[in-house]
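Trainee: sharing a model prediction with you, sequence too.
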2 protein chains.
Amino acid sequence: PRRFMNEVVDFALAVKNLGQEDPRRIVHAFKVGLAITIVSLFYYYQPLYNGFGVSAMWAVLTVVVVFEFSVGATLGKGFNRMMATCVAGFLGVCAHHLASLSGKTGEPILLGIFGFLVAGIMTFMRFFPKMKARYDYGFVIFILTFCLVAVSGYRADQVIKIAQQRLSTIIIGSWIAMLICISIRPVWSGTELHNLIASNIHKLGIFLEVCGSEWLLYSCIIKWLKSTGFGQEFFNKTAEEKPKEDKSFRNQYKSVLGSKASEEAMANLAAWEPSHGRFKFRHPWKQYLKVGALARQCAYRVDALNTYLNSSVQIPEEIQENVKEACIRLSSELGKALKDLSFEIKKMQRTSSTKKHVNKSKTAAQDLKSLLETRVVWENFNMLDVLPTATV
Amino acid sequence: PRRFMNEVVDFALAVKNLGQEDPRRIVHAFKVGLAITIVSLFYYYQPLYNGFGVSAMWAVLTVVVVFEFSVGATLGKGFNRMMATCVAGFLGVCAHHLASLSGKTGEPILLGIFGFLVAGIMTFMRFFPKMKARYDYGFVIFILTFCLVAVSGYRADQVIKIAQQRLSTIIIGSWIAMLICISIRPVWSGTELHNLIASNIHKLGIFLEVCGSEWLLYSCIIKWLKSTGFGQEFFNKTAEEKPKEDKSFRNQYKSVLGSKASEEAMANLAAWEPSHGRFKFRHPWKQYLKVGALARQCAYRVDALNTYLNSSVQIPEEIQENVKEACIRLSSELGKALKDLSFEIKKMQRTSSTKKHVNKSKTAAQDLKSLLETRVVWENFNMLDVLPTATV
């Protein structure tokens, strides 16, 4: 029993964490409950029930399936569902009429062939990458509605009524889901994407800045330790302990490396969203993907740099001494520039300090480059780090 | 009309390409059509129809929604749907009985509260990352079934019959979808994952090998051109043309950079699959993710190296001369080792040549390292490239 109690406590803690991490999740759960309760009224309230009858269940089903966390996803699913039901319902009725002309034996055969063809063709269409990105759900619903209408038309006499009821209940369900999703504390995928890109650049900035200041501090400590003749033993220990200490803070940038899929998904969803806040209806979401891709490229470089710093490869003292100052300057200036840039993106306004930092880091890069060209170039990423800043 | 014709031709070409790229897509479309035709028989064939009545539509719906491209996804959705319907149907009947005890006015209120609570709690549960990965669809179906059974129980008198019919039709639909998916040319997510990881490593190997031999060729040409006194002008041109030429071949590795999301999705789906071919039921799919992550880390390094090679940074002649030979040897040996490794993974058997190449590249890396330590180290990634090989 104690083990069971422990598990219950663990579970409660996990729930609490989940809620605290992003309180919008609790709001979302509340919204879904509310939408379902509202749509259930169609059953409980007699006058409404008289209008739709058992078909009201399609409205409940629609709300459950369509309601998603972000506005973009909900709108996308809602419109897909409505459009697909409308077109497929019409075609289903047509197919039913066509099939019924061929008599009692021919009808099921023709309907079977229609179903097979529509299902096959639509399933194949889902593989088009462009279609998949925006209309995948629509194709599924298209197959579904076509089959339901055409097939159940074989038994029921009022095919048109079935199609009509299905369409109207689905429209009602979709609109309830979409309205509640937008009106109560909406989560816009567009804003999410915007913030994600900004925070990704910010994380890279943090790494470079911390990295610069840390190297400064670190090399000062080493110099002091060596001058006081403190044992090599202690020095080695520090070197090993160092990466662990601020891992959580410095390694935030790692999440940038794998953000491609979520960025693309968000951009697709954001395209469904209407004008909100500072974003217009046809906001150029694709541009965000480009900036995101550049940020990711920068993150690959930063990652290579990070493993380099953590690796045990020893640089000859003399060269380290020469290059150090320029590197530190470059790194911290770049970090500041990226942080300013992310601030600019977030607030959607230009600040003068970014320009300053970018210029400073450019000169730092030039200095470093000229310094290195007299020796060997091991830092190729400098040029590329400046790239994202050039795009804005 | 000509523009329209052009568009039709374009579309036909796109369809053809899509089919040629992966013929399994056509098979998949055919399978879906077949499954829907079979499930439609429940409507057309009188004895079967008598058993289920209008509820047979749930079977059609289930097939459309559950049938996915890979076996893993289909099984996952099918089992989720069946389990969730079973549990939620039972709870829905319970809720209905509980509510009906409270009289005609209390019933809709109680049912509304139940619906709200279940929908809210289940929606919140979907945010648990572990739950989301494997049971997300189950939660949606749970809410759906609970609401349908509990709510429609308010109007219909035979709640238990509704729940039973829904459950049995969904089980039939799921099994039809799953059986057809497995029996006709199945696409196993597990095998896909296996091949993806192998091909990712292969791509990295190709890059390194090509890179090595190209550098050799390239530097030979330069030397020859310079010795014949051929103008710097022409030489620059060659340098610019080079990257474009074999971009498609050499840059295959770029797809490795963003493969994280698809790898994780595949591993999740693969967990649903039964024993097939050389894979057992509880094949350690998580291990693939680890190897995949290492390959990706290696790809980040390779990417950094690639931009370095494409960049205009000039290395002093003298050092280039010194380092070149060791670099080329390392690069091509590493490439061969990675290619062998991918072959090993693909065939699931060890070959002796991999060990040989790994050892050769290790010595090459050592040579290079000692060579560089007398100067400046700019290649830190060597050590890391060897990492993935160590894991197998």
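Mentor: Done, it's in. Residues are numbered from 1 along each chain as shown, chains lettered A, B, ... in the order given.

Trainee: please enumerate the helices of the stretch 1-150 of chain A.
Mentor: Under the criterion DSSP state H, counting those that start in this stretch, helices of the stretch 1-150 of chain A are mapped to A:2-21, A:24-44, A:46-52, A:56-66, A:71-100, A:103-125, A:129-152.

Trainee: what strand or helix carries the closest residue to chain B within the stretch 151-300 of chain A?
Mentor: Here the stretch 151-300 of chain A gets closest to chain B at one residue, A:A261, 3.4 Å apart by Cβ to the nearest Cβ. From N, CA and C alone the C-beta is placed, and that goes for glycine too. Using DSSP states H and E, A:A261 falls within helix A:260-270.

Trainee: go through that helix and flag the buried ones.
Mentor: A:260, A:263-270 (16 or more other Cβ atoms under 10 Å in any protein chain shown).

Trainee: distance to B:I171 and pLDDT added to those residues, as a markdown table?
Mentor: Listed next are the buried residues of helix A:260-270 as a markdown table, based on distance: Cβ to Cβ, whole Å; pLDDT from 0 to 100:
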| residue | distance to B:I171 | pLDDT |
| --- | --- | --- |
| A:K260 | 39 | 79 |
| A:E263 | 39 | 81 |
| A:E264 | 36 | 81 |
| A:A265 | 32 | 81 |
| A:M266 | 37 | 82 |
| A:A267 | 39 | 80 |
| A:N268 | 34 | 82 |
| A:L269 | 34 | 83 |
| A:A270 | 39 | 81 |
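
Trainee: tell me who's in contact with the residue of the stretch 151-300 of chain A closest to chain B.
Mentor: B:258, B:260-262 (Cβ atoms under 8 Å, 6 or more residues apart in numbering or on different chains).

Trainee: distance of A:F128 from A:Y135?
Mentor: 9 Å (Cβ to Cβ, to the nearest Å).

Trainee: dump the C-alpha coordinates for the helix holding A:A261 into PDB.
Mentor: The C-alpha trace of helix A:260-270 is given here as PDB (Å, rounded to 0.1, in the frame of the first residue of the first chain):
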ATOM      1  CA  LYS A 260      13.100  22.100 -37.500                       C
ATOM      2  CA  ALA A 261      10.000  19.800 -37.400                       C
ATOM      3  CA  SER A 262       8.100  21.900 -34.900                       C
ATOM      4  CA  GLU A 263       8.900  25.100 -36.700                       C
ATOM      5  CA  GLU A 264       7.500  23.800 -39.900                       C
ATOM      6  CA  ALA A 265       4.400  22.400 -38.300                       C
ATOM      7  CA  MET A 266       3.800  25.700 -36.600                       C
ATOM      8  CA  ALA A 267       4.200  27.700 -39.800                       C
ATOM      9  CA  ASN A 268       1.700  25.400 -41.500                       C
ATOM     10  CA  LEU A 269      -0.800  25.900 -38.700                       C
ATOM     11  CA  ALA A 270      -0.200  29.600 -38.500                       C
END
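
Trainee: that one relative to helix B:260-270, how many degrees between them?
Mentor: Interaxial angle of helix A:260-270 relative to helix B:260-270 (axes from the mean of the first three to the mean of the last three Cα atoms, to 10 degrees): 90 degrees.

Trainee: helix A:260-270 to helix A:71-100, inter-axis angle?
Mentor: Using the same axes, to 10 degrees: helix A:260-270 against helix A:71-100 is 70 degrees.

Trainee: tell me the angle of helix A:260-270 relative to helix A:129-152?
Mentor: Using the same axes, to 10 degrees: helix A:260-270 against helix A:129-152 is 60 degrees.
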